[in-house]
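In: Give the three-dimensional model of this entry:
(one chain, ligands or ions: 2)
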Amino acid sequence: MIDYHLHTARCGHAQGNPAEYLAVAVEKGLSEIGFADHFPLELLGFTPQEPVSMPAAELDDYIHEIKQLQKQADIAVKLAVEVDYLPGKESLTKQVLSAYDFDYIIGSVHFLADWDFTHPAHQKRYDQVDIDELYVQYFTLIQQLATSGLFDIVGHLDVIKKFSYFPRRDWSFLVDETCRVLKKADICVEVNTSGWRAPVKEVYPGVFFLSKCKEMKIPLTLGSDAHRPQEVASGLQWAKLFLHKLGINEVATFSARRRTMRPL
Ligand SMILES: [Zn+2]
Ligand SMILES: [Zn+2]
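Out: Numbering: from 1, shown residues only. Ligands and ions are numbered 1, 2, ... in the order given. The predicted structure follows:
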């Protein structure tokens, strides 16, 4: 079992150091973990209202710390980051990321313009927008993220549902269209168990997306999105059962940005 989405205290809204996350991973019997803390937004030329990513000044320390841990750990430890996809900043993002040797890069959408729509403090904004349009806007960004070629994995694919706001009309066309783009881009989709801990109480992505991924042979990987050491591996056994039910029996792992499929 693998957990490819672990944060650290460096991002400012998580707790614990990498060694503490590793200890829980070993205790829970994981064979491989990956740290994917929030890449400094300031390096991508974006300053949100509240700081939600690692400060740029800590990036080198983060990398050094994970590389040290790799040497001491009894299980495989991957060095990764979770990077915001910011439309219009693709070439800057590419240039900035090219300086580092990550095992994989998770691309995520947390912002629609200046709105951090995953942040509980800004949940009220959902009441002021058309949810049908919001979903179109969000999945258009996800499609651009995939097509940009900047990332290996798309993080929490349908996190727009986090606070249980769903479109009124049928949005299966968005699922179909998005999966076609993901397949063409040959990007991996993260099965992120933090959705079960969020108000929506559903895994990211949900069953319609996962069935479509299975049908279209889109590779999947697994992550808990742990922001505390105790959350390492949270929900992974459920995710495994869920995927097996859907006939999905393998997951993607990454080294130096090369993907390998492994039995689940
Ligand atoms: Zn976070
Ligand atoms: Zn995220």
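
In: Could you grab the helix/strand/coil label for residue 82?
Out: When classified by DSSP: H, G, I helix; E, B strand; the rest coil, residue 82 comes out as strand.

In: show me the contacts for it.
Out: Applying C-beta atoms under 8 Å, 6 or more residues apart in numbering to residue 82 gives the contacts 5, 7, 36, 37, 38, 39, 106, 108, 155. (Glycine included, C-beta is placed from N, CA and C.)

In: and of those, the nearest to residue 131?
Out: Distance to residue 131, by C-beta to C-beta, is smallest for residue 108 among the contacts of residue 82, at 20.2 Å.

In: what are the phi and psi values for the closest residue to the closest one other than its chain neighbours?
Out: Among residues not flanking residue 108 along the chain, residue 155 sits closest, at 3.6 Å (C-beta to C-beta, 6 or more residues apart in numbering). According to degrees, to the nearest 10, the main-chain angles of residue 155 amount to phi -80, psi 150.

In: Number of residues surrounding residue 155?
Out: 28 (other C-beta atoms under 10 Å).

In: Can you pull out the low-pLDDT segments for the stretch 151-264 of the chain?
Out: Screening the stretch 151-264 of the chain residue by residue with the criterion pLDDT under 70, one finds no matching range.

In: Can I take it that residue 107 is in a strand?
Out: Yes - counting by three-state DSSP, one finds residue 107 located in a strand.

In: Next up, the contacts around it.
Out: By C-beta under 8 Å, 6+ apart, the contact list for residue 107 reads 83, 84, 85, 145, 146, 148, 150, 151, 153, 154, 155, 187.

In: thinking again about what came up before, thought the residue nearest to residue 108 was touching residue 118?
Out: No - at 10.6 Å, residue 155 and residue 118 do not qualify as touching, with contact defined as C-beta atoms under 8 Å.

In: which ones are touching the spatially most central residue of the chain?
Out: Relative to the mean C-alpha position of the chain, the nearest C-alpha, by C-alpha atoms, centre = their mean, is the one of residue 155, at 2.5 Å. Contacts were defined as C-beta under 8 Å, 6+ apart; by that measure residue 155 touches 5, 36, 82, 106, 107, 108, 190, 192, 223, 225.

In: Tell me how far it lies from residue 194.
Out: To residue 194, residue 155 is 10 Å away according to C-beta to C-beta, to the nearest Å.

In: try residue 210
Out: Distance, residue 210 to residue 194, using C-beta to C-beta: 15 Å.

In: before we move on, what about residue 18?
Out: As judged by C-beta to C-beta, residue 18 and residue 194 stand 18 Å apart.

In: and residue 1, how many neighbours?
Out: Here the neighbour count serves as a burial measure; for residue 1 (other C-beta under 10 Å) it reads 17.

In: residue contacts, the residue nearest to residue 23 when sequence neighbours are not counted?
Out: Among residues not flanking residue 23 along the chain, residue 229 sits closest, at 7.1 Å (C-beta to C-beta, 6+ apart). Under the criterion of C-beta under 8 Å, 6+ apart, the contact list for residue 229 reads 15, 16, 20, 21, 23, 24.

In: cutoff 6 Å now
Out: When contacts are counted by C-beta atoms under 6 Å, 6 or more residues apart in numbering, residue 229 is found next to 16, 20, 21, 24.

In: Check residue 4 too.
Out: Going by C-beta under 6 Å, 6+ apart, residue 4 touches 34, 221, 223.

In: tell me which element the second one is part of?
Out: Okay, so that is residue 221. Assignment of secondary structure by DSSP states H and E places residue 221 within strand 220-223.

In: Counting by contacts, list what that strand packs against.
Out: Contact partners of strand 220-223 among helices and strands, from 3 or more C-beta pairs under 6 Å, 6 or more residues apart in numbering; DSSP states H and E: strand 2-6, strand 188-192, strand 250-255.

In: Now do the second one against strand 2-6, angle only.
Out: Meaning strand 188-192. With axes from the mean of the first three to the mean of the last three C-alpha atoms, to 10 degrees as the basis, strand 188-192 and strand 2-6 are set at 80 degrees to each other.

In: Having no further points to raise, I will conclude here.
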